[in-house]
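1. build me a model from this:
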Amino acid sequence: MNSAGQLLTSSSAKPVTVTTIASIPPRKPSLYCSTAVRQSRLKTLQNLSKNLLNSCSSPSPKVTPTTPNFCPNSRRLSQMNAPINIRVHKERRILELQWSESETAQLPFRTVRQNCRCAVCVDELTGRQILDPETVPTDLGLLEISLAGNYALRIRWSDNHDSGLFTWRHLRAISDALSNRPKS
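-> From the prediction side, this is the model:
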């Protein structure tokens, strides 16, 4: 989104077939995490990463979990709204997020990159967008994607930009803005 709060979009993307590839099981709050719980959660992250990797075409972007020791009591509001499935459609340049059984968003890579909120793309003091959206390549690709804890995705793009974290809340805002955009 630019400084006026408008969503920056790329050309329209073709829809793709939605396939469920991984689910993150619901977690019950607890005060402490046992080693077994941490290992179980790490395995869930590894399976999600493996399924993300398998959903991409060759050559696949690198997908890795980054925070193995997360605990249920460390969840924040943004974590509660995590997608239940994530899929990368490399040929179509689409990041697909399944928010619920009946709600899926397909976000063009370029749109996600144009809405990066990192310190390189947005002035930290004023919130003014530094990134000129037109400088984002139309053929932008995704080189690497990883989970940042249990609240965001870290993405390295083909333009070598990789300093932003895309929180579930921010991805949801982009998704909602795209779905509410007037049809042309």
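
2. quick one: secondary structure of residue 138?
-> Of the three states, residue 138 takes coil under DSSP: H, G, I helix; E, B strand; the rest coil.

3. could you number the chain from 45 rather than 1 from now on?
-> Will do, 45 is the new start, and the previous item becomes residue 182.

4. phi, psi for it please.
-> With angles defined as degrees, to the nearest 10, residue 182 sits at phi -70, psi -20.

5. give me the below-cutoff pLDDT ranges for the chain.
-> Flagging of the chain using pLDDT under 70 yields the residue ranges 45-124, 225-228.

6. hang on, residue 214 in a helix?
-> Yes. Under three-state DSSP, residue 214 falls within a helix.

7. touching, it and residue 159? I think so.
-> Yes. Using Cβ atoms under 8 Å, residue 214 is in contact with residue 159, at 7.5 Å. The C-beta positions use only the backbone N, C-alpha and C, and glycine is treated the same way.

8. who has more neighbours, these two?
-> Each of residue 214 and residue 159 has its neighbours counted (other Cβ atoms under 10 Å); residue 159 has more, 26 against 19.

9. distance-wise, check that one relative to residue 218.
-> Distance of residue 159 to residue 218, given as Cβ to Cβ, to the nearest Å: 5 Å.

10. nothing else from me, thank you.
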